[in-house]
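**Q** sequence and predicted structure are below.
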Amino acid sequence: MIKTNLPKSTSEYRYARVILLLALVSVGFGFTVLFAILGPLGREVGFSELQISSIIAASSLVVFLASPRWGRLSDRVGRKKIMIFGLIGYSCGNLLFAIVFHATLVGILIPLTGYLLLMLTRVMHASVMSAIMPASSAYMADITDLSNRTKGMGAVGAANNLGGILGPAIGGLLAGITLLTPLWVASGLALITALFVIFFLPDSPTANKLPENKGKNLSYFDPRILPFIIVGSLMFMGMALVQQTLAFRFQDVLGLTAVETAQTFGLAMGCSAAASLASQIGLMQRFELSPFHWLRIAMPILILAFACLALADNQHLLIIAMVLQGAGMGLAGPAFMSGASMAVEAHEQGAVAGVAGSCGPLGFTIGPLLGGFFYQIQPDLPYWFTFAVYLPLFAFVLSKTPKKNPKLAK
């Protein structure tokens, strides 16, 4: 039985959580498809590792800047409207990105022109796509109470990871047709999802019921959420640094072609997402722990995963490392989001979803650039660097004493 902030007689929201999570499965599919193919696709058109990484970094910077604004806007105009706008924008932007990549692949655009246009289209795409997750996370906060907020955010992560299982696996198969086929499919799926949300997802229960200070700014340095912002920013920077170089790592260690890389790495990403889903369903949905307790469990798993990636010289060890990474992030990501959400008031849920949600894009702004730079120096350097970053981050998490929210004690 799902506990919410709504009267028990309100049956309109009985299936809202299910509808939201189904929509997020398709979002997870679209997000992860790109990571499975961007590395080999970029190499096919002659881009360097740093150029490929910079495309992700530029779009992530835009998401970092835009997410808090979309979160605050969702406090004012409603979660559903912002989600729909983001999904339609994602579909159109991803389609335009794929068209430019196709023109570069077939020689209509020279590599330099293609690179600049890809940067432009990805930035445009990111500015609108960044509306999806803040509005979705805030919607989940609206239909859960403090006692099951962590489980609710875990369900959001689980839905994304289910899409993350399907995305690389199906994307790897579609890449056998052409390397761009996964992007065409992701665009169509996002449009279908937008229609699904329009017709089946009810408006958030907080729509038009927030106090006069709704949509106000929430500082990154607000002491209520600052520890979570520190953890999230460094955690996602490390993850981005690793994730953006893994396709290169697979291709170089295993000696694969571009299509083989997309397929093999897609399978590994699917295994990672499956481990993440398993940790969320098997652990987070079954046990009541504070966000910092979950982070204390997740950090050592991630540290071990990075060490394995640095030492890996065969496919088995690479996949084991990615499974560990998926399991760790399956706990760490929802714990970070729920901790920030539980630290603020109901009328600040959109704002905190935008601020906390922007930590990932901030990490993916800095991480890919560092990863591409380090990889060109020495292929195992990105993973040892992340290993070194996570050690003091783990110490910081251990130093924090989880506090019982007084509202939960009632």
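**A** Happy to help now that I have it. Numbers count the residues shown, from 1 in each chain.
**Q** for stretch 373-387, buried residues please.
**A** Phe374, Tyr375, Asp380, Leu381, Pro382, Tyr383, Trp384, Phe385, Thr386, Phe387 (16 or more other C-beta atoms under 10 Å). No exception for glycine: its C-beta is placed from N, CA and C like everyone else's.
**Q** what residue ranges in the stretch 101-250 of the chain are flagged as low confidence?
**A** Within the stretch 101-250 of the chain, the segments meeting pLDDT under 70 span 161, 164, 168, 206-216.
**Q** hmm, back to that, closest one of the buried residues of stretch 373-387 to Ile301?
**A** Relative to Ile301, the closest of these is Phe387; by C-beta to C-beta it sits at 12.6 Å.
**Q** the buried residues of stretch 373-387 in helices, which ones?
**A** Phe374, Tyr375, Leu381, Pro382, Tyr383, Trp384, Phe385, Thr386, Phe387 (DSSP state H).
**Q** between those residues, which sits nearest Leu183?
**A** Ranked by distance to Leu183 (C-beta to C-beta), those are led by Tyr375 at 23.7 Å.
**Q** what sits closest to the closest one if chain neighbours are left out?
**A** Computed as C-beta to C-beta, 6 or more residues apart in numbering, the closest residue to Tyr375 that is not its neighbour in sequence is Thr245, at 4.7 Å.
**Q** I'd say the one you found and Ile377 touch.
**A** No: Thr245 lies out of contact with Ile377 (C-beta atoms under 8 Å); the separation is 11.6 Å.
**Q** after the helix or strand hosting Met140, next one along is what?
**A** Assessed by DSSP states H and E, Met140 sits inside helix 132-142. Using DSSP H and E, the helix or strand that follows helix 132-142 towards the C-terminus is helix 149-175.
**Q** now that following helix: buried residues?
**A** So, applying 16+ other C-beta under 10 Å, buried residues of helix 149-175: 149-172, 174-175.
**Q** now stretch 270-285
**A** Buried residues in stretch 270-285, defined by neighbour count with 16+ other C-beta under 10 Å: 270-281, 283-284.
**Q** swap in stretch 18-35?
**A** Judged by neighbour count (16+ other C-beta under 10 Å), stretch 18-35 contains these buried residues: 19-35.
**Q** let me see the mean pLDDT of that stretch.
**A** For stretch 18-35, mean pLDDT rounds to 81.
**Q** export stretch 388-400 as PDB, just CAs?
**A** The C-alpha coordinates for stretch 388-400 follow below in PDB (Å, rounded to 0.1, in the frame of the first residue of the first chain):
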ATOM      1  CA  ALA A 388      41.300   8.500  -5.300                       C
ATOM      2  CA  VAL A 389      38.400  11.000  -5.300                       C
ATOM      3  CA  TYR A 390      35.900   8.500  -3.700                       C
ATOM      4  CA  LEU A 391      38.200   7.700  -0.700                       C
ATOM      5  CA  PRO A 392      37.800  11.100   1.000                       C
ATOM      6  CA  LEU A 393      34.200  11.200  -0.200                       C
ATOM      7  CA  PHE A 394      33.600   8.000   1.700                       C
ATOM      8  CA  ALA A 395      35.300   9.500   4.800                       C
ATOM      9  CA  PHE A 396      33.000  12.500   4.500                       C
ATOM     10  CA  VAL A 397      29.900  10.300   4.400                       C
ATOM     11  CA  LEU A 398      31.200   8.400   7.500                       C
ATOM     12  CA  SER A 399      31.600  11.600   9.300                       C
ATOM     13  CA  LYS A 400      28.000  12.600   9.000                       C
END
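**Q** now do that stretch, average pLDDT.
**A** The pLDDT scores in stretch 388-400 average 92.
**Q** centre of the chain to that stretch, how far?
**A** Its chain's C-alpha centre and that of stretch 388-400 lie 22 Å apart, by C-alpha atoms, centre = their mean, to the nearest Å.
**Q** list the contacts of it.
**A** 227, 230-231, 234-235, 237-238, 292, 295-296, 299-300, 302-303, 306 (C-beta atoms under 8 Å, 6 or more residues apart in numbering).
**Q** try 6 Å
**A** Outside of stretch 388-400, the residues within contact range by C-beta atoms under 6 Å, 6 or more residues apart in numbering are Pro227, Leu234, Gly238, Phe292, Leu295, Arg296, Met299, Ile303.
**Q** from those residues, which single one is nearest Ser67?
**A** Minimum distance to Ser67 across these is 17.6 Å, recorded for Leu234 (C-beta to C-beta).
**Q** tell me the contacts of that closest one?
**A** Leu393.
**Q** helix/strand/coil for the residue most central in space within the chain?
**A** Central residue of the chain (C-alpha atoms, centre = their mean): Gly360, 6.8 Å from the mean position. Secondary structure, DSSP: H, G, I helix; E, B strand; the rest coil: Gly360 is helix.
**Q** can you tell me the closest non-neighbouring residue to it?
**A** By the measure of C-beta to C-beta, 6+ apart, the closest residue to Gly360 outside its immediate chain neighbours is Phe236, 4.5 Å from it.
**Q** could you say which helix or strand holds that neighbour?
**A** With DSSP H and E as the test, Phe236 turns up in helix 226-254.
**Q** distance between that helix and the chain's centre?
**A** Put simply, helix 226-254 sits 11 Å off its chain's centre (C-alpha atoms, centre = their mean).
**Q** stretch 255-274 too?
**A** Relative to its chain's centre, stretch 255-274 lies at 18 Å (C-alpha atoms, centre = their mean).
**Q** buried ones in it?
**A** Across stretch 255-274, burial judged by 16+ other C-beta under 10 Å covers 256, 258-274.
**Q** same question, stretch 306-314
**A** For stretch 306-314, by 16+ other C-beta under 10 Å, it's Phe306, Ala307, Cys308, Leu309, Ala310, Ala312.
**Q** list the contacts of that stretch.
**A** Contact with stretch 306-314 is made by Leu317, Leu318, Ala321, Asp380, Tyr383, Trp384, Thr386, Phe387, as judged by C-beta under 6 Å, 6+ apart.
**Q** need the nearest residue in space to the last one, chain neighbours excluded.
**A** Read it as Phe387. Leaving aside its sequence neighbours, Phe387 sits nearest to Phe306 (C-beta to C-beta, 6+ apart; 4.3 Å).
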